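Colleague: structural data only, the sequence is not supplied:
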């Protein structure tokens, strides 16, 4: 019956549209035999840009093209197209379509809006056959529904809103044929009348329904009837709300709530501590994954807090004691990997797999042969069994790999609902409980004096089409995602289904989501995943909106330039070079690669060949290095020096070529090394969640004969570069504790085993088996060789971890107690930062940077010695300086061996020494 009613509705709408188009019709109904139209046409190379402009890929161009709707095996009606010249304004707005042929069409707004509810093609008859292409309609949808006053993008009440009279539901779905709201109580049983019929505002494309029922904390879903291009037929879709503010377990239902209601807030929410920063450069970001932070922490007072938001409320756990030590030293911002609702982890603790559970339990839940066939005591926990296997075992990775799709782990770059906390981190994921637990975590961190930064992923969704975790594409198909200009397929250069933030309603969703996180969850800043896939204009607009509620917010992200948007193909990107001067930070790969070595996508011996300055290039070479090392070192050292200035484009450096060049004139591949115009444009880092940890990266490249102590010092030397750079440092959680993931390159869903962080500092998680084959099998031979050749020198003790941690805290303390490391303008950096030991005759392994002080802060000199021997720097009136008091009193006895004479400084091997003028 439902299918019959859907077909009748479709035929009714088709007849109405056909009647309206009759006087424009170029031909009567055309039958295409013997195949269906959908089998004739596979591409989508036509784009409707304005009410009277369509552009078509040249291979479909013809003097006799027409726009048509169709139904099953026949074309219903057609509108003729006539060739034209694409206007300069449209060519500039859509640069990726400049080579397409322009056509004019005669129609008007009301008719277009009806057409958009149907499948559309541009076609011609050729030798009795149909040749054509589907029409992409996102641009015309924006023109019709978002380009005027009081349009869809001006409506600030999308979603479910509690009103004085009940509840108002609003959903933007201009291509839908019919929509109902389904209502459910807290047990997910239907609430009479069960369905509320929604009506469409033809001007905005927003469907709405009102009810006087008391529905606070009840649940709902949308039932949408529409033509869907993925199946090429009318579908009845059930979906949650993209503007959801709360969800049921596993996000099956949206919940009606008021985020200002006390029931959604922990005690003390309105009076929690707020710790502002004076300038963005005062930040240090500490990147933390919520589950990694506590999944193995046996010192928690409540074992159920492991891997959960509430672990951050503990007073005396090992993890919280470590965070307190970081805060005392000066780290002030906790960067949380994605904590919004994701589509890849089962939120039901009764069905999801946890490696802390017994083998019997995991076998029962997973039915995996890798678990069920084990010849061992199955009452033991899986993590206990894994610990009994050899550290070079291939079985370990095989077991973890088999569990990936069923366990409770993922980094979280799989957006399902953008504006609701993830439920798997909550003890109770159903409804407002997850909100209260998330807010409790934020409040606890704030009350420790931390700012809370959230990693956000508006560049893609987990799924699209009619897939289970797709939402946006179920509501307005092919609008929210960026399509290939010719095929019409969703671009996936990010990893998944790329969103199109250049479209007004996707931009609106992003901005309004950010405002909710800042205003209602007190999030202090945002890190944007693959930010370069979004328009610069959208980022600036979003920051302005957030600043209205939080004036010291800070935006930063990945400004990488690649994919279908590369080199501003579709819009001006929020990429590294384009954001210069905006104080929206971008991660700089220049300093990163100089310090740790490049070739981040290399495999096997190619990784080992690519030593960086901090792991021995040209000073402590491994067996694969060549006579070209010196020249490579000199090039990287100049890039490193520009990195220490905050990657400034206009900083002038005496280079290894014995010429003075600006940062923008020093090459980094085919890009400039220096691109920033303000230090707040730059995020300095040497490791983060992506790729191998800093420890693992260094072990790949360090010469076999180096001792454990030398390897630890290389780790600290690596971390010192971002800490003493202008700009903003970014630290990967655990890198100060020599954190390892067993050489795993990409641990995004490889469970607690590989992502373990030990805050008791007994282990760095190095000896955990070979990394999973899917990501690293080609590296196994190299790993096994270096493990054998290292002969245990790459295995650290608890004492090594403790030393590294305390020495790192000393470095943090030095930075945060000295404003010269946090200069706020390019002008001040250019005037006051100077490098020594430069040019073609420089000593290899010695980078020296002085920063001129004033009456309030004494001049400072930093010497980085990445070599295996003591290094001396000639420096006039050196005896006016002293080793920094923090290092004089610190844990590192080697740095205390630094010597100062009348006109020189001598610094021990593998040491960063800071001197201040007396």
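Modeller: Yes, it's here. Just so it is clear, the model here is predicted, and its values are computed rather than measured.
Colleague: which residues in the stretch 601-750 of the chain form strands?
Modeller: With DSSP state E, counting those that start in this stretch as the criterion, the stretch 601-750 of the chain has strands at 652-654, 660-662, 667-668, 671-672, 682-684, 728-732.
Colleague: okay, the ones you listed in TSV with distance to residue 900 next?
Modeller: The C-beta positions use only the backbone N, C-alpha and C, and glycine is treated the same way. As requested, the strands of the stretch 601-750 of the chain are exported to TSV (distance: least, CB to CB, whole Å):
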stretch	distance to residue 900
strand 652-654	25
strand 660-662	29
strand 667-668	35
strand 671-672	37
strand 682-684	28
strand 728-732	27
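Colleague: winner for burial among the ones you listed?
Modeller: strand 682-684 (a mean of 27; mean count of other CB atoms under 10 Å).
Colleague: who does that one pair up with?
Modeller: Using DSSP bridges, strand 682-684 pairs in its sheet with strand 585-587 (parallel), strand 728-732 (parallel).
Colleague: next SSE downstream of the longest one?
Modeller: Toward the C-terminal end, the helix or strand that comes next after strand 728-732 (DSSP states H and E) is helix 751-755.
Colleague: ok, back up a step: now render the strands paired with strand 682-684 as JSON lines, adding mean pLDDT and distance to residue 358.
Modeller: Supplementary listing: the strands paired with strand 682-684 in JSON lines, determined by pLDDT from 0 to 100; distance: least, CB to CB, whole Å:
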{"stretch": "strand 585-587", "mean pLDDT": "98", "distance to residue 358": "42"}
{"stretch": "strand 728-732", "mean pLDDT": "98", "distance to residue 358": "32"}
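Colleague: residue 808: which of those strands is closest?
Modeller: Closest to residue 808 of the strands paired with strand 682-684, according to CB to CB: strand 728-732, at 8.5 Å.
Colleague: what residues does that closest one touch?
Modeller: 280-281, 283-287, 331, 335, 556, 585, 587, 679-680, 682-685, 687-689, 693-694, 719, 722-723, 739, 815 (CB atoms under 8 Å, 6 or more residues apart in numbering).
Colleague: ok but residue 428 is inside a strand, no?
Modeller: No: Residue 428 sits outside any strand when classified using DSSP: H, G, I helix; E, B strand; the rest coil, being coil.
Colleague: pretty sure it is touching residue 421, no?
Modeller: No: between residue 428 and residue 421 there is no contact under CB atoms under 8 Å: 11.9 Å.
Colleague: so which of the strands paired with strand 682-684 comes closest to residue 913?
Modeller: Between those, strand 728-732 lies closest to residue 913; by CB to CB that is 18.5 Å.
Colleague: from the chain's centre, how far out does that closest one sit?
Modeller: Mean-position distance between strand 728-732 and its chain equals 15 Å (CA atoms, centre = their mean, to the nearest Å).
Colleague: burial of residue 271, as a residue count?
Modeller: 9 (other CB atoms under 10 Å).
Colleague: next one: it from residue 265, what distance?
Modeller: For residue 271, the distance to residue 265 (CB to CB, to the nearest Å) stands at 11 Å.
Colleague: pull out the buried positions in stretch 206-216.
Modeller: 206-211, 215 (16 or more other CB atoms under 10 Å).
Colleague: any idea of the mean pLDDT in it?
Modeller: On average, the pLDDT along stretch 206-216 is 97.
Colleague: that one: end-to-end distance?
Modeller: Counting by CA to CA, to the nearest Å, you get 23 Å between the two ends of stretch 206-216.
Colleague: likewise for stretch 562-574?
Modeller: 12 Å.
Colleague: residues near the residue lying closest to residue 629 once chain neighbours are set aside, how many?
Modeller: Using CB to CB, 6 or more residues apart in numbering and skipping residues adjacent in sequence, the residue nearest residue 629 is residue 618, 4.2 Å away. Residues lying near residue 618 (other CB under 10 Å) number 21.
Colleague: my read: residue 618 touches residue 633, true?
Modeller: Yes: when contacts are counted by CB under 8 Å, residue 618 is listed as touching residue 633 (3.8 Å).
Colleague: between residue 428 and residue 421, who's got more neighbours?
Modeller: Using other CB under 10 Å as the criterion, residue 428 and residue 421 rank with residue 421 on top: 25 against 14.
Colleague: re the thing from before, residue 410 is nearest to which of the strands of the stretch 601-750 of the chain?
Modeller: Comparing the strands of the stretch 601-750 of the chain by CB to CB, strand 728-732 comes nearest, at 17.7 Å.
Colleague: residue 77 contacts residue 68, correct?
Modeller: Yes: Residue 77 is within contact range of residue 68, at 6.6 Å (criterion: CB under 8 Å).
Colleague: before we move on, back to that, looking at the strands of the stretch 601-750 of the chain, which is closest to residue 467?
Modeller: Of all the strands of the stretch 601-750 of the chain, strand 728-732 comes closest under CB to CB, at 32.2 Å.
Colleague: what is the mean pLDDT for stretch 130-148?
Modeller: For stretch 130-148, the per-residue pLDDT averages 96.
Colleague: ditto for stretch 894-905
Modeller: Stretch 894-905 comes out at a mean pLDDT of 98.
Colleague: give the buried residues for that stretch.
Modeller: 895, 898, 900, 905.
Colleague: for stretch 256-271, same thing?
Modeller: 256-257, 259, 264-266, 269.
Colleague: run through who's touching it.
Modeller: With CB under 8 Å, 6+ apart, stretch 256-271 has contacts from 160, 162, 167, 215-220, 245-246, 431-432, 435-436, 439-440, 443, 516, 520.
Colleague: let's see which of these end up in helices.
Modeller: Using DSSP state H, the members of the contacts of stretch 256-271 that fall within helices are 432, 435-436, 439-440, 443, 516, 520.
Colleague: just put those residues in TSV and tack on neighbour count.
Modeller: Output for those, formatted as TSV (neighbours: other CB atoms under 10 Å):
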residue	neighbour count
432	20
435	24
436	20
439	21
440	20
443	23
516	18
520	17
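Colleague: ok, residue 696 touching residue 738?
Modeller: No: using CB under 8 Å, residue 696 makes no contact with residue 738, being 9.9 Å away.
Colleague: who has more neighbours out of those two?
Modeller: Between residue 696 and residue 738, counted using other CB under 10 Å, residue 738 has the larger neighbour count: 27 against 24.
Colleague: distance between the ends of stretch 622-630?
Modeller: Termini of stretch 622-630 sit 14 Å apart (CA to CA).
Colleague: buried set for it?
Modeller: Buried residues in stretch 622-630 (16+ other CB under 10 Å): 622, 625, 629.
Colleague: now what about that stretch, what contacts it?
Modeller: Against stretch 622-630 from outside (CB under 8 Å, 6+ apart): 605, 608-609, 611, 616-618, 621, 701-704, 844.
Colleague: among those, which one sits closest to residue 139?
Modeller: Looking across those and measuring by CB to CB, the closest to residue 139 is residue 609, at 47.4 Å.
Colleague: that closest one: neighbouring residues, count only.
Modeller: Residue 609: 17 neighbours (other CB under 10 Å).
Colleague: how much space between the nearest residue to it once chain neighbours are set aside and residue 704?
Modeller: Nearest residue to residue 609 in three dimensions, chain neighbours excluded: residue 624, at 4.7 Å (CB to CB, 6+ apart). Using CB to CB, residue 624 is found at 11 Å from residue 704.
Colleague: list residues touching both of residue 428 and residue 421?
Modeller: With CB under 8 Å, 6+ apart as the test, residue 428 and residue 421 both reach 434, 437.
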